[in-house]
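1. Give me the fold of what follows.
(2 chains)
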2 protein chains.
Amino acid sequence: MITRLTATYRVRTDAASIAARAQAIAVEQSVEMPLDAITDAAVLRDVVGQVQDITDLGDGSFAVRIGLALASIGTDAGQLFNMLFGNVSLQDDVTLHDVDLPPELARAFGGPNIGMAALRTRVGATDRAFTCSAIKPQGLPVPALADLAARFAEGGIDYIKDDHGMADQAYGRFADRVPAIAAAIRATGAATRYVPSLSGNLDAMRTQLRITQECGLDAVIISPMLAGFSNVQSLVRNFPTMAFFAHPTLGGAARIAPDLLIGKLFRLLGADAVIFPNHGGRFGYSPDTCRRLAANATGANPDLKPAIPVPAGGMTLARTPEMLDFYGRDVMVLIGGNLLLARDRLAAATAEFTRAVAHHSYR
Amino acid sequence: MITRLTATYRVRTDAASIAARAQAIAVEQSVEMPLDAITDAAVLRDVVGQVQDITDLGDGSFAVRIGLALASIGTDAGQLFNMLFGNVSLQDDVTLHDVDLPPELARAFGGPNIGMAALRTRVGATDRAFTCSAIKPQGLPVPALADLAARFAEGGIDYIKDDHGMADQAYGRFADRVPAIAAAIRATGAATRYVPSLSGNLDAMRTQLRITQECGLDAVIISPMLAGFSNVQSLVRNFPTMAFFAHPTLGGAARIAPDLLIGKLFRLLGADAVIFPNHGGRFGYSPDTCRRLAANATGANPDLKPAIPVPAGGMTLARTPEMLDFYGRDVMVLIGGNLLLARDRLAAATAEFTRAVAHHSYR
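-> Numbering: from 1, shown residues only, chains lettered A, B, ... in the order given. Next comes the predicted model:
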């Protein structure tokens, strides 16, 4: 029986210090006290973190692999993050680089409800990449937002998401916005799916999910760094027919490697789709980070359905062919503001985008 | 009427780029789309973020002050973090440095239920600094943890907190642990308060709060970065006689200045006490950061009660006088592992600690 998971940290320090530094991380992320003060042999044996390996990366940093007791995590998502990186996140010479997910943990968490394949079926995108756009700006009156959504649907887009800044503000209440936009899309007859964004506490998010279901919708956006990891976990389990798109807001640039946080851990929590900043856009992720993130989201795992990667953040129609060649068919290309620049020509610009994705000749 | 709050970011870039970079942040943290694609004049005027000021800090970075519309935040804590730093947290050249809290926002959030003064009254620490320790390690059987708590109480400690790694694991269920430890402390007759640590989703935390109250306890620890900000906010409002100690776990992942995050924003959410890593311990915070953090927690605000700063993270009996001179009387000195090293002499070592705090001659 596997009783530990292995977390890999990157530590900036020198060769003389790394052994003590690694041991300090193992203690910090488990019992958080001097081992000399622990009188219980079982705790020393089964609960204290264990340094498994230290590798000099040759760039002034080291990879440190630490075995953390699964018993200290249990099956709660908040506690998983607490034990992986809670206190050590406060030390600026350490990043959380990767986690090996034991099957026990993957099974206990369960991952996506729906997964990539079912997302494909829902919109008829069985053998091609997906298309996605976003309605915005927040503050625009609901009828105008609904009109944008209808234009996207006329252009044949697969998924339309709320901008992640759209919450439950006085100028666009969730309970007003979501039914109006759902109705506008339905009126077009398109297979387009609308994905509203959840916000607020667990009770508020549950209410929003019920509104979403009552509108005949089957997907939502959730922001794990805002919502609380355990709340994401329970919503995913309690709404089993709903697809969850994870948004990376407040995800930080690099203290937790983005490919781990967004590609692997958000999938573990139950994300069917993971939104992230594509390389070369408004954010600094490298092509390698994006490639690893997509591989983590889609990679085979007997206990976790694949999640669809959704690269975004300043993407354009002009970049679409390059993105398709980079990610292949297992991608949802999200173009938001660049399409909205078409203004009165929005439906036509969207149709151009969806055709470009459907008819792309892969290199 | 104030309609915007001012957020200050620190941006690493050059003089030729800063104006465009500042404007990009203002857009990213509000409407997140090209302004040319916005057709609604009211959105452009009232919702788009406004660059208010740019100051060259002379060290390769700039302070950028941006006015964010209060209407985009409303009164939800998750949305506050989303608008302050959501997407920009993904850009590694930016940190969130400070936020000016308008009275409207402070009143809407409400801050601590209890505040520093009431925490003093509860343990009779009316004219001195507080003392605090932690029971650990996680995994130690509950009777042994309860015995540690009793020894701390015999030594006259004010507050005993759960180690933040103690959640609801199979080896120490909250519902078993908390009543046993509360009873052990009560049996000593001391005024010592026990502060259990909440974990899990909002429902689980509510259940844990009820158990805590049924045990006659009046304080808990909550970890805002794990729990979800909106959930913290609603628990604080729904349990008005309960004191909330905020733990900073996972607080370093997002690159928000610690004095802002822990001292100011956690207080805004309702923390009566804010735990943070003291300078010179196991974490890298500077004395200046700690001083600013404490000032943010305790500073006068007509709408927010003061929160007590709780410096921690490898503190020792030997450092206690220096910490008292540094922070003054408005501090709760937390010594955990260093006291536990006393093992069989734990009550005596604790008494030494509490006497040192009570009889300190301030410089």
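2. and the residue of the stretch 101-250 of chain A found nearest chain B, how many neighbours does it have?
-> For the stretch 101-250 of chain A and chain B, the shortest gap (CB to the nearest CB) falls at A:Gly228, measuring 2.6 Å. C-beta coordinates here come from the backbone N, C-alpha and C atoms, glycine included. Using other CB atoms under 10 Å in any protein chain shown, the number of residues around A:Gly228 comes to 31.
3. What of A:Ala22?
-> A:Ala22, neighbours per other CB under 10 Å, totals 23.
4. Also A:Ala342?
-> 18.
5. same thing with A:Asp218?
-> Here the number of neighbours of A:Asp218 (other CB under 10 Å) works out to 18.
6. Settle this for me: A:Ile222 is touching A:Phe229, isn't it.
-> No: in this structure, A:Ile222 is not within contact of A:Phe229 by CB atoms under 8 Å, at 10.6 Å.
7. Am I right that A:Arg206 sits in a strand?
-> No: A:Arg206 is assigned helix when assessed by DSSP: H, G, I helix; E, B strand; the rest coil, not a strand.
8. Now for it: which residues touch it?
-> Contacts here follow CB atoms under 8 Å, 6 or more residues apart in numbering or on different chains; on that basis A:Arg206 touches A:Leu235, A:Asn238.
9. what pLDDT does it get?
-> What the model reports for A:Arg206 is a pLDDT of 98.
10. Please report the distance of it from B:Asn278.
-> 40 Å (CB to CB, to the nearest Å).
11. Name the nearest residue to the residue of the stretch 101-250 of chain A closest to chain B, ignoring sequence neighbours.
-> B:Gly228 (2.6 Å; CB to CB, 6 or more residues apart in numbering or on different chains).
12. Angles on the backbone of that neighbour, please.
-> phi 90, psi 130 (degrees, to the nearest 10).
13. is it true that it touches A:Ser223?
-> No: if you go by CB under 8 Å, B:Gly228 and A:Ser223 don't touch, sitting 9.5 Å apart.
14. Can you pull the residues that touch both of those two?
-> Joint contacts of B:Gly228 and A:Ser223 (CB under 8 Å, 6+ apart) are B:Gly78.
15. The biggest helix by length in chain A near chain B at all?
-> When chain A is scanned for its longest helix (criterion: DSSP state H), the result is helix A:174-188. No: applying CB under 8 Å from any CB of the partner chain, one finds helix A:174-188 separated from chain B by no less than 11.2 Å.
16. Can you name the next helix or strand after that helix?
-> strand A:193-195 (DSSP states H and E).
17. And that following strand, what does it pack against?
-> Applying 3 or more CB pairs under 8 Å, 6 or more residues apart in numbering or on different chains; DSSP states H and E, one finds that strand A:193-195 makes contact with strand A:159-162, helix A:174-188, strand A:219-222.
18. could I get the ones you listed as a markdown table with distance to A:Ala37?
-> Compiled in a markdown table, those are given as follows (distance: least, CB to CB, whole Å):
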| stretch | distance to A:Ala37 |
| --- | --- |
| strand A:159-162 | 50 |
| helix A:174-188 | 50 |
| strand A:219-222 | 41 |
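19. now, of those, which is deepest in the fold?
-> Counting by mean count of other CB atoms under 10 Å in any protein chain shown, strand A:159-162 has the highest mean neighbour count of those, with a mean of 27.
20. Mind giving me the packing neighbours of that one?
-> Using 3+ CB pairs under 8 Å, 6+ apart, strand A:159-162 sits against strand A:130-135, helix A:142-154, helix A:174-188, strand A:193-195, strand A:219-222.
21. ok, now how distant is A:Ala125 from A:Gly263?
-> Taking CB to CB, one finds A:Ala125 at 21 Å from A:Gly263.
22. Looking at the two, which is more packed in?
-> A:Gly263 (27 against 22).
23. dump the residue contacts of that one.
-> For A:Gly263, the contacting residues are A:Val274, A:Phe276, A:Arg292, A:Leu293, A:Ala294, A:Ala295, A:Asn296, A:Ala297, A:Ala307, A:Pro309, by CB under 8 Å, 6+ apart.
24. what about the closest residue to A:Pro103 other than its chain neighbours, which helix or strand?
-> Spatial nearest neighbour of A:Pro103, chain neighbours left out: A:Asp303 (5.8 Å); criterion: CB to CB, 6+ apart. For A:Asp303, there is no helix or strand it lies in under DSSP H and E.
25. Which residues are in contact with A:Asp303?
-> A:Pro103, A:Ala106, A:Arg107, A:Gly110, A:Gly111.
26. If you rank the residues you listed by neighbours, which is first?
-> When neighbours are counted by other CB under 10 Å, A:Gly111 leads the contacts of A:Asp303 with 22 neighbours.
27. So it versus B:Tyr285, what's the distance?
-> Between A:Gly111 and B:Tyr285 the computed distance is 37 Å (CB to CB).
28. Around chain B, which positions in the stretch 151-300 of chain A sit nearby?
-> Residues of the stretch 151-300 of chain A lying close to chain B (CB under 8 Å from any CB) are A:163-165, A:167-171, A:199-204, A:223, A:225-231, A:233-234, A:248-256, A:258, A:277, A:282-285.
29. Recalculate using a threshold of 6 Å.
-> A:163, A:165, A:167, A:169, A:199-202, A:226-228, A:230-231, A:234, A:249-256, A:277, A:283-284 (CB under 6 Å from any CB of the partner chain).
30. Can you get me the start-to-end distance on stretch A:128-146?
-> Taking CA to CA, to the nearest Å, stretch A:128-146 runs 27 Å from one end to the other.
31. tell me the average confidence for that stretch?
-> pLDDT averaged over stretch A:128-146 gives 96.
32. Same question for stretch A:24-31.
-> 96.
33. And the contacts of that stretch?
-> A:Tyr9, A:Val47, A:Val48, A:Gly49, A:Val51, A:Ile66, A:Met83, A:Asn87, A:Val88, B:Pro137 (CB atoms under 6 Å, 6 or more residues apart in numbering or on different chains).
34. part of a strand, is the last one?
-> Spelled out, it's B:Pro137. No: under three-state DSSP, B:Pro137 sits outside any strand and is assigned coil.
35. where does it fall, phi/psi-wise?
-> Main-chain torsions, B:Pro137, degrees, to the nearest 10: phi -80, psi 160.
36. Test my guess that it contacts A:Leu44.
-> No: using CB atoms under 6 Å, B:Pro137 is not in contact with A:Leu44, being 9.0 Å away.
37. Quick check: neighbours shared by those two?
-> A:Ile38.
38. need the contact list for the closest residue to A:Val64 other than its chain neighbours.
-> Excluding its sequence neighbours, the residue lying closest to A:Val64 (CB to CB, 6+ apart) is A:Ala22, at 4.4 Å. Going by CB under 6 Å, 6+ apart, A:Ala22 touches A:Val51, A:Ile54, A:Val64.
39. quick one: what helix or strand has A:Ala22 in it?
-> Assigned by DSSP H and E, A:Ala22 falls within helix A:18-28.
40. Check which residues of the next helix or strand along the chain from that helix are buried.
-> For helix A:18-28, the following helix or strand on the C-terminal side (DSSP H and E) is helix A:41-46. Using 16 or more other CB atoms under 10 Å in any protein chain shown as the test for burial, helix A:41-46 gives A:Val43.
41. likewise stretch A:95-108?
-> A:Thr95, A:Leu96, A:His97, A:Asp98, A:Val99, A:Leu101, A:Pro102, A:Leu105, A:Ala106, A:Ala108.
42. Surely A:Cys132 and A:Tyr159 touch.
-> Yes: with contact defined as CB under 6 Å, A:Cys132 and A:Tyr159 form a contacting pair (4.3 Å).
43. give me the number of residues near the residue nearest to A:Gly115 when sequence neighbours are not counted?
-> Nearest-residue entry for A:Gly115: A:Lys305, 2.8 Å, with adjacent residues in sequence omitted and distances by CB to CB, 6+ apart. Close neighbours of A:Lys305, defined as other CB under 10 Å, add up to 19.
44. sec struct for A:Lys305, please.
-> Reduced to three states by three-state DSSP, A:Lys305 is coil.
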